[in-house]
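> With the sequence up front, the predicted model follows.
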Amino acid sequence: MTTVSLIKCATYDTHAVSDALERALDPFGGMGAFVKKGQKVFLKVNLLLAADPDQAITTHPAVVEAVIRQAQAAGAEVFFGDLPGGFHIGNTRRIYKKCGMAAVAERTGANLPLLEQSGFRERAIPNGRKLTAIHTPKLLDDMDVLINLPKMKTHMQALYTGAIKNLFGLMTTRDRQAAHNHSRFRAFSSALVDIYSSMVPALNIMDAIMGMDGTGPSQGKPRAWNALLASPDAVAMDAVGAALMGLRPGEVLTTEFAARRGLGQGDLSLITVHGGRIAHMARRAKRPSPAIFTMLPLLGGLVNDISSVKPVIDAKNCKKCRSCVEVCPAGAIRTEGDFKIDDSCCILCFCCHEMCEHGAVKLKKAPLVRLAEIVNPR
């Protein structure tokens, strides 16, 4: 039997969250069962966009801080963060601050890196159904333990987002576009399982104290489930999370497909729930409109076109120093004559933009991005 902890926690009070976390990890032997002295631990939080914690879009800082402190108490050096939706146009610092992560780093002394600055490397997906490889931050290769800290929400394209979907936030923009190109419900869910299979976390802890329903993952309404979930098995934890939202077994295809691939347990009858009872804590979520599932596949390509950001090399400023060539993980810089970026090879990691000392790599922003910057400046 696979175990998932389901612990009641009705507030983000520091002491309440810390106590709930201890009780959640108790069946597994505590944090020390996953983290050893001297190890480097990375906490993958959900920082979809710049939002106040009480909007229930991102993992709450109180949960993140509680996990950091327990990992530190076990003797680990802790790193945490995400590649949020605006990382490709330089918004990571702003998002970290808005979501309360910068303050958590200051209070705990944990490392809050800009993951895009570490560069990217290709990560193969040997048994991928839709994706054969993705590109993830090189910093992850230096970590000994990966801990997953998702937020429980509905999702317009996947119905539900929890532990499996949270790993989506560790890829380049081009990889995200490739995954979203599999825009129908079954295909997108399969692509999400591909991504998860390439970097399975050692431990998953889900913030369901205040989740989201309706038009999630960002435009829905905050909804209290008053729960903290934990398990080494992300698939089982998502099965329990979906049940808390009143979703029927088999409806969440990321859970279904991951279980079929042997990545975890998706059958609730084979999952031991420690702490609370699903029947007592479940609250039926308002679902995304059925129209969303019809329209998103039709709009996918158009949305990519009008919201894209691409690096381009300004020949007037380019000194041909080759720093962009050396840092590009995809070999996308063409050096015959004026340096140029081959769009067909570029993975949109923006390492060239980050590393150019001469300001020669510009960001070509589509109309929707320029409009967003006018409406919501940094």
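Looks like it came in fine.
> which residues in the stretch 101-250 of the chain form strands?
Here the stretch 101-250 of the chain has its strands, by DSSP state E, counting those that start in this stretch, at 120-124, 133-137, 145-149, 151-155, 159-161, 203-213, 221-231.
> Relative to M101, which of those strands is closest?
strand 145-149 (11.0 Å; Cβ to Cβ). For the C-beta atoms, the positions are set from N, CA and C on the backbone; glycine is no exception.
> partners of that closest one, with directions?
Sheet pairing here is set by DSSP bridges, and for strand 145-149 it gives strand 40-45 (parallel), strand 203-213 (parallel).
> Pull out the CA atoms of that strand and give them to me as PDB.
Extracted in PDB, the C-alpha atoms of strand 145-149 (Å, rounded to 0.1, in the frame of the first residue of the first chain):
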ATOM      1  CA  VAL A 145      17.500  15.700  -3.700                       C
ATOM      2  CA  LEU A 146      14.500  17.200  -5.500                       C
ATOM      3  CA  ILE A 147      11.500  18.100  -3.400                       C
ATOM      4  CA  ASN A 148       8.300  19.100  -5.200                       C
ATOM      5  CA  LEU A 149       6.000  21.800  -3.600                       C
END
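> Mean confidence (pLDDT) on it, please.
Strand 145-149 comes out with an average pLDDT of 98.
> Which parts of this protein are helices?
14-25, 61-73, 92-98, 101-108, 163-166, 173-181, 185-197, 234-244, 253-260, 278-281, 290-306, 323-327, 351-355, 367-375 (DSSP state H).
> Out of these, which gets nearest to A124?
helix 185-197 (10.7 Å).
> Just the C-alpha atoms of the closest one, please, in CSV.
C-alpha atoms of helix 185-197 as CSV (Å, rounded to 0.1, in the frame of the first residue of the first chain):
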residue,chain,number,x,y,z
PHE,A,185,-6.6,17.0,-23.3
ARG,A,186,-5.2,13.5,-23.7
ALA,A,187,-2.1,14.6,-25.7
PHE,A,188,-1.2,17.4,-23.3
SER,A,189,-1.7,15.1,-20.3
SER,A,190,0.6,12.5,-21.9
ALA,A,191,3.3,15.2,-22.5
LEU,A,192,3.1,16.3,-18.8
VAL,A,193,3.7,12.7,-17.7
ASP,A,194,6.7,12.6,-20.1
ILE,A,195,8.2,15.6,-18.4
TYR,A,196,7.5,14.2,-14.9
SER,A,197,9.1,10.9,-15.8
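> 180 is where my numbering starts, stick with that
In the new count, where the first residue is 180, that last one comes out as helix 364-376.
> Please state the offset of it from the chain centre?
Offset of helix 364-376 from its chain centre (Cα atoms, centre = their mean, to the nearest Å): 14 Å.
> Ok, stretch 234-247 next?
13 Å.
> First-to-last residue distance for it?
Start and end residues of stretch 234-247 are separated by 22 Å (Cα to Cα, to the nearest Å).
> Out of the strands paired with strand 324-328, which is the most enclosed?
strand 382-392 (a mean of 27; mean count of other Cβ atoms under 10 Å).
> Can I get the strands of the stretch 280-429 of the chain in TSV including distance to F518?
Compiled in TSV, the strands of the stretch 280-429 of the chain are given as follows (distance: least, Cβ to Cβ, whole Å):
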stretch	distance to F518
strand 299-303	20
strand 312-316	21
strand 324-328	36
strand 330-334	40
strand 338-340	39
strand 382-392	43
strand 400-410	48
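> mean pLDDT for the helices of the chain: which is lowest?
If you rank the helices of the chain by mean pLDDT, helix 469-485 sits at the bottom with a mean of 58.
> circling back: ok, which of the helices of the chain comes nearest P396?
Set against P396 and scored by Cβ to Cβ, those come closest in helix 342-345, at 8.3 Å.
> Put the alpha carbons of the closest one into PDB.
What follows is helix 342-345, C-alpha atoms only, in PDB (Å, rounded to 0.1, in the frame of the first residue of the first chain):
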ATOM      1  CA  ALA A 342       2.500  17.400  -8.200                       C
ATOM      2  CA  ILE A 343       2.900  15.900 -11.700                       C
ATOM      3  CA  LYS A 344       2.100  19.200 -13.500                       C
ATOM      4  CA  ASN A 345       4.400  21.200 -11.300                       C
END
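> want to throw the strands paired with strand 324-328 into a markdown table with mean pLDDT and distance to L542?
What follows is those, written out as a markdown table (pLDDT from 0 to 100; distance: least, Cβ to Cβ, whole Å):
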| stretch | mean pLDDT | distance to L542 |
| --- | --- | --- |
| strand 219-224 | 98 | 25 |
| strand 382-392 | 98 | 31 |
